[in-house]
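[1] Provided below are the primary sequence and the corresponding predicted coordinates.
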Amino acid sequence: MSRTQKNSLLFLIMLAMVAGVGIVQSWNVALTIFNLCLISAIMSLGVNIQWGYAGLFNAGVMGFAALGGLAAIIISSSPVAATWEAGGMRAILGLLAGLFAIVIGIFTWKKTVTLEKKRYWPTMVVAVVGYALMRLIIDPAISTIEAIEPAKTGYLGGFNQPILLSWLVGGIFAAAAAWVVGKIALGLRSDYLAIATLGISEIIIYFLKNEDWLTRGVKNVTGLPRPVPYEIALQQTAWLQSWTDNFGLSIIEASSILVKLSYAGLFATVLVIILWLSETALRSPWGRMMRAIRDNEVAASAMGKNITWRHLQVFVLGSAVIGMAGAMLTTLDGQFTPSSYQPLRFTFLIWVMVIVGGSGNNFGAVLGGFVIWFFWIEAEPIGLQLMDLITSGMDESSPLRAHLLENAAHMRLMTMGLILLLVLRFAPRGLIPEKKR
Amino acid sequence: MTDILNTLALIGNFIIVPGLAYGSQLALGALGITMVYGILRFSNFAHGETMSFGAMATILITWALQAQGVSFGVLPTALLALPFGILITIALCLFTDRLVYRYYRSQRAEPVTYLIVSVGVMFFLGGLIRFIIGPNDQIFSDGTRFIMKVQAFKEMTGLSEGLAIKTSQGVTIITAIVIVTLLFWFLNRTRTGKSMRAYSDNEDLALLSGINPERVVMIAWIITGTLAAVAGTLYGLDKSYKPFIFLQLLLPMFASAIVGGVGNPLGAIAGGFVIAFSELIVTFAYKKVLAYLLPLSMAPEGLMQLLSTDYKFAVSFLILVIVLLVKPTGIFSGKTL
């Protein structure tokens, strides 16, 4: 069996498993899993660009995905007129002041090279004064904005643009954050990047949870506009009614499946585009250079390649892809809930996908996204049934049985850890290994 | 004069005492990270979960002791359970090393491979902990809650500001001092400790002088396990035990280790206190302090807080960034274990 055949077979098995869920559970569940599989595949493509192409460890996937989610609110939700009037301009002014302070700070830093060690002081003064100025401008604006109907709005709202646009903007947000982190942490020892990204992702989440004027914080933004029609609207259309009558289907289920299929179509289009771009990049001279840098930094640098700059480039690109996937996720959910971002689910699970799929191979990353997401969801019912079976010999009222059944859901964390460790040990190249070129 | 004394009491109550306790907890955690870094040469992402595991083991034994009616008088029973918790955590560390890390040592794997492996261990331990004790808050402290109560301090000094010292804070600081003293005595005075420092400094040279690497690694894990169990339990006693908090603690602990210079125990301790005090100083509301120090007419209206308390983790990140930009090797660079 050739490699292509083997890989196609793996993808077919995966699709068959999703179809199996469709037959056993329901097609609605199967499509829900499938949609999230697609998004996970895009996220793991992003991580694969960083890790597989360049060997950079990004422990902050969660933060970049959340920035994508932020883009979805800012682009698509409708502006809240009352809050804009009360403090919108002032808030913007405050942000501009902050930006201005950063620019001046960098300018001071660059212009004071001659002071050597003493140049920390002027930069620090600029930073402190700039921060105080920003707080002075923005604080009153924030409290007025947050005080306006906090139960319903209490935030600025967005620009009321089509939510599809936010997928692009989400990528840009994540890329900007990645540029800052990369600028600081790249070029130092390899694990500093991991620690710095771990930090920035936590901070992004705290920011999104606490800056109510921008994101409503833990009150969540719900009811984001959708790029696809609503089920209710579909149910009223004549063509769907006659169609379901002909086939004898329930119109409610048919409409919901149709909505999920349209999401799947959108996500699959993005996945295919990104996959094609990544593959082309990997085959190009640029991809060859990245692999050379990854495999031997010293040699590549001797050949005149600017390692730090190339690392920064690939880090920003990968994060942009993650940000896009984050915006897509928020689009699919139709709401933005900062408290739902957990590092185990959003950072480390994506890592398991990349490693299991095969780091360095884009198709591997996609397959990994599918397989791991599938088992992440299905491990819960499977684990519960397994635990039920194991404990079936015990007394109904036994506290141990109750405890085991209650905590069975956490089995999936253990399973994921175990899968990661086993793959790293016995098949470090993953399901679809990187091609030798 | 009373205003100044009041200010001091205020700062003592909200910054110095909590800072010393939190700093000790961070320092112990960062020491564990530094120990693994110095000997095994990788950043251990599973360290937070190891701490959590140690705390969990101690909690389970504490409950068992409490059920037997055992108590430690005014001190928390958890201190009696701690030695057992330490032993269990050491067993866990040695077990994971035997099962997981040893293979990569034999392969002479890259540090970043170890890092990913430690993520796998973190995942597994996180699941195991939640499976055993559940994801919720656990309270296990008993004994007297305070060494010094606010009211008692006020009566003693006649000031209007109180200074409270919780038993858990006192216990934390004293335990940390004991553990750190023992550690430094071990590293600097004993033959085995010296061989560890030699191994950390120059692996090849140490091997040539007949130091057994597997033994050094084993002792490093024993120390790491001890530090992790103590740090986790003390943190749990002082705040409360929540499984998810330990993943968030990773950042301040890594920051502490890096600020002091990774691989340097003295640096890890200094870093722990730097991070802890910065967090408290930056998120403290200075309103009352200013009210005491300034004339009445100039008393501020707002809280006068530099950053809201929710952002305390951002402080450790900020310090980390500054250190990475200004002196990536840390304050005490050039010195290892």
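    Received it, and whenever you're ready, just let me know what you need.

[2] Longest helix in the chain, please.
    All of this is about chain A. Taking DSSP state H as the criterion, chain A has its longest helix at helix A:251-283.

[3] Wait, chain B was what I had in mind.
    In chain B, taking DSSP H as the definition, the longest helix is helix B:213-238.

[4] Tell me the buried residues in that one?
    By neighbour count on 16 or more other Cβ atoms under 10 Å in any protein chain shown, the buried set for helix B:213-238 is B:216-238. Any C-beta I mention is one placed from the backbone N, CA and C, and that applies to glycine too.

[5] And for the residue of the stretch 201-337 of chain B found nearest chain A, nearest residue in space, chain neighbours not counted?
    Nearest to chain A in the stretch 201-337 of chain B, going by Cβ to the nearest Cβ, is residue B:317, at a distance of 3.9 Å. Residue nearest to residue B:317 in three dimensions, not counting chain neighbours: residue A:199, with 3.9 Å by Cβ to Cβ, 6 or more residues apart in numbering or on different chains.

[6] residues in contact with that neighbour?
    By Cβ atoms under 8 Å, 6 or more residues apart in numbering or on different chains, the contact set of residue A:199 is A:60, B:251, B:254-255, B:313, B:316-317, B:320.

[7] and those residues as a markdown table, adding distance to residue A:311, neighbour count and secondary structure?
    Output for these, formatted as a markdown table (distance: Cβ to Cβ, whole Å; neighbours: other Cβ atoms under 10 Å in any protein chain shown; DSSP: H, G, I helix; E, B strand; the rest coil):
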| residue | distance to residue A:311 | neighbour count | secondary structure |
| --- | --- | --- | --- |
| A:60 | 15 | 31 | coil |
| B:251 | 22 | 25 | helix |
| B:254 | 20 | 32 | helix |
| B:255 | 22 | 30 | helix |
| B:313 | 26 | 19 | helix |
| B:316 | 24 | 28 | helix |
| B:317 | 21 | 22 | helix |
| B:320 | 19 | 28 | helix |
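
[8] Quick check: which of the buried residues of helix B:213-238 are also close to chain A?
    Among the buried residues of helix B:213-238, not one lies near chain A by Cβ under 8 Å from any Cβ of the partner chain.

[9] that older thread, list just the nearest of the contacts of residue A:199 to residue A:380.
    Using Cβ to Cβ, residue A:60 comes nearest to residue A:380 of those, at 26.4 Å.

[10] What score does that closest one have for pLDDT?
    With respect to pLDDT, residue A:60 has a value of 91.

[11] Need the nearest residue in space to the residue nearest the centre of chain A, chain neighbours excluded.
    Chain A has residue A:65 as the residue nearest its centroid, 2.9 Å off, counting by Cα atoms, centre = their mean. Once flanking residues are discounted, residue A:65 sits nearest to residue A:326: 3.2 Å by Cβ to Cβ, 6+ apart.

[12] So the one you found: helix, strand or coil?
    Per DSSP: H, G, I helix; E, B strand; the rest coil, the local secondary structure of residue A:326 is helix.

[13] residues in contact with residue A:32?
    Residue A:32 neighbours (Cβ under 8 Å, 6+ apart): residue A:260.

[14] For the residue nearest to the centre of chain A, grab phi and psi.
    phi -60, psi -40 (degrees, to the nearest 10).

[15] hang on, it packs against residue A:324?
    No. The pair residue A:65 / residue A:324 is not scored as a contact, 9.4 Å apart, by Cβ atoms under 8 Å.

[16] Can you report how many residues lie near residue B:160?
    13 (other Cβ atoms under 10 Å in any protein chain shown).

[17] if I look at it, how far off is residue A:14?
    Between residue B:160 and residue A:14 the distance is 69 Å, computed by Cβ to Cβ, to the nearest Å.

[18] Doesn't residue A:359 belong to a strand?
    No. Counting by three-state DSSP, one finds residue A:359 to be coil, located in no strand.

[19] okay, now it: neighbour count?
    Residue A:359 has 24 nearby residues by other Cβ under 10 Å.

[20] Quick check: closest non-adjacent residue to it.
    Residue A:359 sits nearest to residue A:52 (Cβ to Cβ, 6+ apart), 4.4 Å away.

[21] List the contacts of that neighbour.
    Residue A:52 is in contact with A:354, A:359-362, A:365, A:434, counting by Cβ under 8 Å, 6+ apart.

[22] mind showing which ranges of chain A have poor pLDDT?
    Applying pLDDT under 70 to chain A picks out residues A:1, A:437.

[23] Once you drop chain neighbours, what's closest to residue B:300?
    residue B:290 (5.2 Å).
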